[in-house]
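Visitor: Can you look at this prediction? I've put the sequence above it.
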Amino acid sequence: MTFYFNGQKSINRRKAAVYDLGQSKLVKFFYVLLIVIGFLGLAVPVLYYLPLISLSFFNLITLGLSFILFSISLGLVSFSIFYRSVVVNHAPRTSLTKVQQLISQGKTVNLANFVSLPALSAIEQAYSDGKTTAKIKSSDFLRALLENNRIGFITMRMGIPPKDFLANLDKFYQENQADDTEHEIASMVGGALPIAIAEGHQTIEVGDIFVLLSQLDTFFHKLAFNLDIKLEDIANIVSWETTVQQRQREMKFNPDKLKLKGGIGKEWASGYTRALSRFAYDLTPAVINFPHKYLTHQSELDRMEKILAKSSHHNVLLVGEPGVGKETLVLFLTKKIKEGHSGKTLGRRKIMKLDIDYLLAGAKTSGEIIERLTAALQDAVQAGNIMLYIDNINALFTSGQEGVGAVDASQVLIPYLENPQLYIIATTSQAGWHQSIEPRKIAAEKFEKIEVAEPAPEQVIKVLEEHVPLAEHKAKALVSYKALQAIVELADKYMYDKASPEKAINLLDGIATQAPAGLIISDKDVAAFLEQKLGIPVGEAAGQEKDKLLHLEEILHRRVIGQNEAVTAVANALRRARTGVKKGQKPIGSFLFLGPTGVGKTETCKALAESYFGSEDRIIRFDMSEYQDIASIHRFIGAPPGTAGAKAGGELTNAVKDDPFSLILFDELEKAHPNILNLFLQLLDEGWLTDSSGRKVRFSNSIIIATSNAGAEFIRKSLKQNLDAENLKQRLLDHLQSEGLFRPEFINRFTEVVSFQPLSPTDVKTITELLVNKFVVQIMDEKGIDIEITPAAIEKIAELGYDPLLGARPIKRTIQQKVENWLAKKMLSGEVERGSKLVIDQSDIEN
Amino acid sequence: MIIEYVTWWYSRGLLRFFKYCRAYIVILADAFSLKVAISTFFAPWKKDSTPTQGQSLDVKFRIWGFNLIARGFGMIIKFFTTIVFLLVFLILVILEIIAFIVWLAFPFLIVEMFLLGFFYLLGA
């Protein structure tokens, strides 16, 4: 079948047919076989003309046939050169941008000439399958496209192998034939033209048509919904596939883009660097096979080049969190210099990385370190072509500290920072900048500071796409696009030790090492890996956990008696967090528990920590009565840089950095200094705090609970008026604000303000029963003594243990005094021993 | 398709062939650092040159002597490197000329071999 665009045939239709032939494995096999036979046949004339061998087989017929076969071989060899250059790398002479210009000027263009050969084959296939010469059905088009390898790559990255996609398509088509749509091929290809231009393609590729179908075809939309494919991801995956193709092309030898390494004499023009070479190494070899093309900080690189091209003051300080890509920026610059794309000033320079570990290793005194550094810097100046890269330069600015390696080299560095022969690129973190460099004004002024921020998630995905081939090689499994999205999202949400993209790359590598071979790594695998690594629920709730979440109130009530409002509020917050309804960086939940002492506020916290984080040990507790003066804010978030104790950090920020997945309990919040309460405004609203060294500490995976006894008396009095819970809460909040205890903007930032009510006699009895049962089980386990405590005895303990002012708190003491002491005496006197059975009645409990 | 193939062989194909030839020469020159050798031919080896300002005349003479040795050493190394390069370059050019002739003759060779075989068959 021949197809037409605007009434004309494609000039590439023969090439498309040849391309199709070239894709056939059988054709390839016979092609190679013929070449081999032809060349082997050349042995016949050689043997024929050799005087010593005379066989009847070597006659004129075999001779003639061997020459014919050899000529066919030569023909096939030369045709394969032509096939690779012209058919496989087919590209029209007119660019697609020019084509679009011509179309916009109203000129008629035969778009068939600008469609790639695989796309032409797919269109022909779709026409053939649909037995039509008019419009093409979406289902036929999709089927034809799915036969192409490049679409195979795309569906695999969607997490669906092409065969499964095809099977799903057929099944979906059977059930929804009526929804199938039809397309005019010329308008279809015309629609794909801007996509191809945006992707930088030379022809309109199968991927571009696939993206177009995903954008406008309703049949495809329904199919994608059915297969859980996000339509907006398809364009991104096609873009990824384009990048992969480009990289594969770049890896091949290209006479137009030679990778020159400088040869044997690249060091001839520069001076000796004996001292420098002891502590530094050339970065150029690291970028010879540098696989990365995509840079998240292009503007920072441009700025860095501009600064380094200056005749003086050409020292750069990259400031950013570890993992943000500072070293990658330096490697990209090295690559540009190596490839001769960095201008004349930088072009002849060599970037050497000063390894601070080497510099410090074996040094006995700080004087020795300074000596080594001076010699290295002197060498770099004399060499005249060195650009010195010092990672974590703050390690050389550590005066005032004790121990090996504590050195302040700022005074040594200053003259070299002023030397026009030496270019220095240094890096440091925000904390390093604030603590070590900023206070040394003269040294700090010698640098031009460039802030390197964490890249956006979509940029991190592009970085990961470049790391995927390596990870896949390790895992022998395929990484889906959804997995990459999950890696970026979950690394951002749960990993705080480093910044993106490094933490995302580490996560990808971690998953790759554990993934079973031959599978497609999905978003669920990412969640499962992280769940196993962190020990907290990460993925979608399933199985037992689902049931647990649905019946969370019951589970919490096993430990918390009464307090329905509090239990419901925290249970709802947990369900929101686990189902992903809660978005943003805010904490999982933040609660202000108000009420008298001993009514279950702390017990609720423990029960919550146990249910969500797996253990009640995951509570980080702060007694806010210890933070009453203004200076205590420094204990909380760290002292300002340059002051004593600045390095120690803050108690809150350190604790959360060490264990971000925890319940943070602020007891007696009303006693804290008002400035500390102000910190809570940002913490509760944004989900993060900046510590004194400028580091961002995130609380997104924490549950924040603040307790306060303020208003306890008010609750008690109000309950006597028989107010309902909602009314009581409103009046309590009004009361707290009118008394000036908490400001409205403070209270409003909590997810929920919960008023705990004083315990009723029934609650007290239930709590006593719980505690007594716990004691009975413990004695049975540890001492083997079977104790039965009668209901009347429990009632008596409850009566004795209840104190309206202290709530249920004295019950434990009562059990200790009335039951444990009684039992201890019995055991000592020998009345009770292992295996004994005891009944404790009301009469056994002393008043 | 045959016409397109033959046209390509003697036009764009040939240009591509020349590009490859040029690329191999550039790679060879780079491997021998020809650019550095020529541009720094008279420069001191590894920038090993001592300034003479403020020195007495006899010390100056001694330093000039050492500086001259550094330049001479550099020149010798670069001279011999350039000679070796020229030899390898010559071999490469000869190989490229042979390859060029083969390229030009290739389609004719195919036809010739075919006809030769055909005539042998006829002769039989």
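Guide: Okay, I see it.
Visitor: can I assume residue A:145 sits in a helix?
Guide: Yes. Assessed by DSSP: H, G, I helix; E, B strand; the rest coil, residue A:145 belongs to a helix.
Visitor: What about residue A:544, how many residues nearby?
Guide: Residue A:544 has 8 neighbours, counted by other Cβ atoms under 10 Å in any protein chain shown. C-beta: built from backbone N, CA, C; applies to glycine.
Visitor: before we move on, what about the one 4 residues further on?
Guide: Residue neighbour count, defined by other Cβ under 10 Å, stands at 17 for residue A:548.
Visitor: pLDDT score assigned to the spatially closest residue to it that is not a sequence neighbour?
Guide: Nearest residue to residue A:548, sequence neighbours excluded (Cβ to Cβ, 6 or more residues apart in numbering or on different chains): residue A:555, at 6.4 Å. At residue A:555, the model reports a pLDDT of 88.
Visitor: Give the burial count for residue A:555, as a bare number.
Guide: The number of residues packed near residue A:555 is 17, by other Cβ under 10 Å.
Visitor: Residue B:104 too?
Guide: 14.
Visitor: Make sure it is indeed in a strand.
Guide: No. Remark: residue B:104 does not belong to a strand; assigned using three-state DSSP, it is helix.
Visitor: Give me the distance between it and residue B:97.
Guide: 11 Å (Cβ to Cβ, to the nearest Å).
Visitor: Which residue, other than its chain neighbours, is closest to residue A:841?
Guide: In space, and not counting its chain neighbours, residue A:841 is closest to residue A:790: 4.9 Å by Cβ to Cβ, 6+ apart.
Visitor: And that neighbour, how far from chain B?
Guide: 97 Å (Cβ to the nearest Cβ, to the nearest Å).
Visitor: likewise residue A:672?
Guide: Taken as Cβ to the nearest Cβ, the span from residue A:672 to chain B is 65 Å.
Visitor: so who does that residue touch?
Guide: Contact analysis of residue A:672 by Cβ atoms under 8 Å, 6 or more residues apart in numbering or on different chains lists A:624, A:625, A:627, A:628, A:666.
Visitor: how far away is it from residue A:742?
Guide: Counting by Cβ to Cβ, the gap from residue A:672 to residue A:742 is 11 Å.
Visitor: Also residue A:306?
Guide: 52 Å.
Visitor: how many other residues sit next to the residue of the stretch 401-550 of chain A found nearest chain B?
Guide: Residue of the stretch 401-550 of chain A nearest chain B, by Cβ to the nearest Cβ: residue A:421 (11.5 Å). Residues within reach of residue A:421, counting by other Cβ under 10 Å, total 12.
Visitor: So the residue nearest to it when sequence neighbours are not counted: helix, strand or coil?
Guide: Spatial nearest neighbour of residue A:421, chain neighbours left out: residue A:381 (4.8 Å); criterion: Cβ to Cβ, 6+ apart. Here residue A:381 is recorded as helix under three-state DSSP.
Visitor: can you tell me which residues contact residue A:381?
Guide: By Cβ under 8 Å, 6+ apart, the neighbours of residue A:381 are A:416, A:419, A:421, A:422.
Visitor: what sits against residue 99?
Guide: Since no chain was named, I'll use chain A. A:109, A:111, A:114, A:193.
Visitor: I was thinking of chain B, sorry if that wasn't clear
Guide: So residue B:99 contacts B:17, B:21 (Cβ under 8 Å, 6+ apart).
Visitor: about what we covered before: who has more neighbours, residue A:306 and residue A:742?
Guide: When residue A:306 and residue A:742 are compared for neighbours, residue A:742 comes out ahead with 25 against 13, by other Cβ under 10 Å.
Visitor: And the residue of the stretch 101-250 of chain A that's closest to chain B?
Guide: Counting by Cβ to the nearest Cβ, the stretch 101-250 of chain A gets nearest chain B through residue A:117, at 13.2 Å.
Visitor: okay but that residue is in contact with residue A:91, surely?
Guide: No. The pair residue A:117 / residue A:91 is not scored as a contact, 10.5 Å apart, by Cβ atoms under 8 Å.
Visitor: When these two are compared, which one has more neighbours?
Guide: Shown here are residue A:117 and residue A:91; by other Cβ under 10 Å, residue A:117 has more neighbours (23 against 12).
Visitor: residue boundaries of the helices in chain B?
Guide: Counting by DSSP state H, the segments of chain B that form helices are B:2-10, B:12-31, B:34-39, B:57-123.
Visitor: any weak-confidence spans in chain B?
Guide: By pLDDT under 70, chain B has no low-scoring segment.
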